[in-house]
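**Q** Return atomic coordinates for the entry below.
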Amino acid sequence: MCQTKLKLHDLKNRTKQISVYSVTFGSVKKFIRMILVTGGTGFLGSELIRQLLLSEKKVRAIKRAKSTIPKLLEKEENIEWVNADLLDYFSLKEAMAGINRVYHCAAMISFKAADREKMQRVNVEGTVNLLNISMENNISRFLHVSSIAALGDSKRDELITEDDQWEFSSEQSNYSISKYESEMEVFRASAEGLNAVIVNPSIIIGKNSGKEGSGQLFEKIRTGLSYYPGGSSGYVDVEDVAKAMILLMNSDLSDERFIINSENRTYKDIFTEAAINFGAAPPSIALKPWMMYFALFGTRLISLISGKKFSLTRETAISAFKKRKYSNEKIKKALNLDFKPISDSIREICIELNTK
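**A** Model (predicted):
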């Protein structure tokens with residue numbers, strides 16, 4: 001009983017400390033109302049902050065204690081970096097003091113079965129924490145970055161739209177499930193009064209991706225890749241995603257989601273164009289499903305023997321042969337938005353990687 005009272009007392013004190021979080025100017029305390037970006041050190045988050053600083057005086061960005069600030073933002077002085085964890089409610093509440101708008105970019109992306117539970121917690125529980133604090137703090141606007149992974153498939157080989165219903169199936173990745181459930185939490189909060197909007201970017205590419213994320217693909221092509229899978233997907237430049245997010249944040253649109261996609265391209269097309277830009281031989285061997293699954297079996301066997309981990313998983317093998325095309329009509333109509341040609345993005349990426 002005493003321990004329970006002590007915990008409640010500590011909880012009230014901690015909450016009280018958070019509620020008076022402020023910046024002191026002499027003897028005057030004044031709340032700062034500003035923008036918060038989660039996942040600020042990531043590929044999309046850092047580009048978003050770069051663009052926000054062109055019009056905003058200051059941005060607060062959440063990062064993990066061990067995260068490295070990207071080169072894109074190293075010299076920027078108008079960023080207030082705050083160490084916080086989406087799963088640590090109190091550190092998150094402290095980071096959100098004085099905030100009136102939130103861009104939620106942070107998420108865990110993994111296609112490994114072993115990461116399922118952790119990814120579910122970060123992507124779903126972390127989003128719930130952020131949404132609940134936003135409602136407690138009367139945040140004026142909340143933008144959630146989801147993914148095309150949370151969209152349903154078209155039934156008649158038509159372009160996938162925001163209205164296609166997502167369905168649970170054995171082919172859905174754990175990442176897809178976590179992003180879909182995160183969206184449901186945003187819509188729940190929106191129904192409870194939060195002014196929120198969701199974006200569903202396709203595969204995000206750009207010259208500052210380096211050799212991580214989508215940049216891994218281009219690096220593999222640069223160093224020589226003979227094979228290409230038979231699938232297709234949507235692609236969009238990171239600059240366009242950030243631009244669309246800012247325009248949506250400043251609009252009156254709410255309780256909706258928007259696909260952000262520039263072009264639909266086959267993997268063969270993307271691989272070939274990148275190889276030509278690198279001055280390398282384009283991949284010429286079409287992968288067959290049985291080849292991918294045979295390779296998957298081989299990597300699992302090697303992993304059991306050596307303990308070495310490989311990026312090829314059952315989920316990535318399935319997605320490599322999926323043929324999906326995404327509509328961008330809703331976002332173009334809403335924002336009168338033009339997208340950078342993917343060929344321009346590929347050329348910029350190849351130039352950047354060739355200089356490293």
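
**Q** Residue 328 touches residue 261, doesn't it?
**A** Yes - counting by CB atoms under 8 Å, residue 328 touches residue 261, with 4.6 Å between them. C-betas here are computed from N, CA, C, even on glycine.

**Q** Which neighbours do these two have in common?
**A** residue 339 (CB atoms under 8 Å, 6 or more residues apart in numbering).

**Q** Please enumerate the strands of the stretch 151-300 of the chain.
**A** Under the criterion DSSP state E, counting those that start in this stretch, strands of the stretch 151-300 of the chain are mapped to 196-201, 203-205, 227-228, 232-237, 257-260, 263-266, 285-286.

**Q** Of residue 328 and residue 261, which one has the most company?
**A** Per other CB atoms under 10 Å, whichever of residue 328 and residue 261 has more neighbours is residue 261, with 27 against 23.

**Q** gap between the more buried one and residue 330?
**A** Distance from residue 261 to residue 330, counting by CB to CB, to the nearest Å: 10 Å.

**Q** ok, now which ones touch the closest residue to residue 166 other than its chain neighbours?
**A** Counting by CB to CB, 6 or more residues apart in numbering, residue 152 is the residue found nearest to residue 166 once chain neighbours are left out, at 4.4 Å. Under the criterion of CB under 8 Å, 6+ apart, the neighbours of residue 152 are 160, 164, 165, 166, 167.

**Q** Please name the residues that touch residue 48.
**A** 37, 103, 105, 242, 245, 246.

**Q** now that we have these, which one has the most neighbours?
**A** Highest neighbour count within these: residue 103, with 29 neighbours (other CB under 10 Å).

**Q** can you tell me how far that one sits from residue 132?
**A** Distance from residue 103 to residue 132, by CB to CB: 17 Å.

**Q** same thing with residue 139?
**A** Going from residue 139 to residue 132 by CB to CB gives 11 Å.

**Q** which of these two has more neighbours?
**A** A direct count of neighbours by other CB under 10 Å for residue 139 and residue 132 places residue 139 higher, at 21 against 17.

**Q** Could you tell me the model confidence score at residue 168?
**A** On the pLDDT scale, residue 168 is placed at 82.

**Q** so who does it touch?
**A** Neighbouring residues of residue 168 by CB under 8 Å, 6+ apart: residue 177.

**Q** do that again at 10 Å, thanks
**A** For residue 168, the contacting residues are 176, 177, 180, by CB atoms under 10 Å, 6 or more residues apart in numbering.

**Q** Where does pLDDT dip in the stretch 251-356 of the chain?
**A** Low-confidence segments of the stretch 251-356 of the chain, defined by pLDDT under 70: 289-321.

**Q** For residue 139 and residue 132, list the residues in contact with both.
**A** Residues touching both residue 139 and residue 132 (CB under 10 Å, 6+ apart) are 189, 194.

**Q** rewinding a little: which members of the contacts of residue 168 occur in helices, if any?
**A** Per DSSP state H, helices hold the following members of those: 176, 177, 180.

**Q** Quick one: the helices in the stretch 1-150 of the chain, in order.
**A** All helices of the stretch 1-150 of the chain, identified by DSSP state H, counting those that start in this stretch, fall at 2-19, 43-52, 89-95, 116-120, 126-136.

**Q** one step back: with the ones in helices among the contacts of residue 168 in mind, which one is nearest to residue 96?
**A** residue 180 (24.9 Å; CB to CB).

**Q** Count the residues that sit near that closest one.
**A** Neighbour count of residue 180, defined by other CB under 10 Å: 21.

**Q** Next: residue 341.
**A** 12.

**Q** wait, isn't it in contact with residue 347?
**A** Yes - using CB atoms under 10 Å, residue 341 is in contact with residue 347, at 9.4 Å.

**Q** quick revisit: output the contacts of residue 168 in a markdown table; the columns should cover pLDDT.
**A** Below are those laid out as a markdown table (pLDDT from 0 to 100):
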| residue | pLDDT |
| --- | --- |
| 176 | 91 |
| 177 | 93 |
| 180 | 95 |
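
**Q** What residues sit buried inside stretch 150-161?
**A** 150, 151, 159, 160 (16 or more other CB atoms under 10 Å).

**Q** Compute the first-to-last residue distance for it.
**A** Across stretch 150-161, the terminal residues are separated by 11 Å (CA to CA, to the nearest Å).

**Q** And stretch 135-150, by the same measure?
**A** End-to-end distance for stretch 135-150: 24 Å, by CA to CA.

**Q** So what's the residue count around residue 336?
**A** For residue 336, using other CB under 10 Å, the count is 8.

**Q** how close does the closest residue to residue 248 other than its chain neighbours sit to residue 232?
**A** What sits nearest to residue 248 in space, not counting adjacent residues and going by CB to CB, 6+ apart, is residue 197, at 5.4 Å. Applying CB to CB, the value for residue 197 to residue 232 is 28 Å.

**Q** Tell me which of those two has more neighbours.
**A** Taking other CB under 10 Å, residue 197 and residue 232 do not tie; residue 197 has more neighbours (21 against 18).
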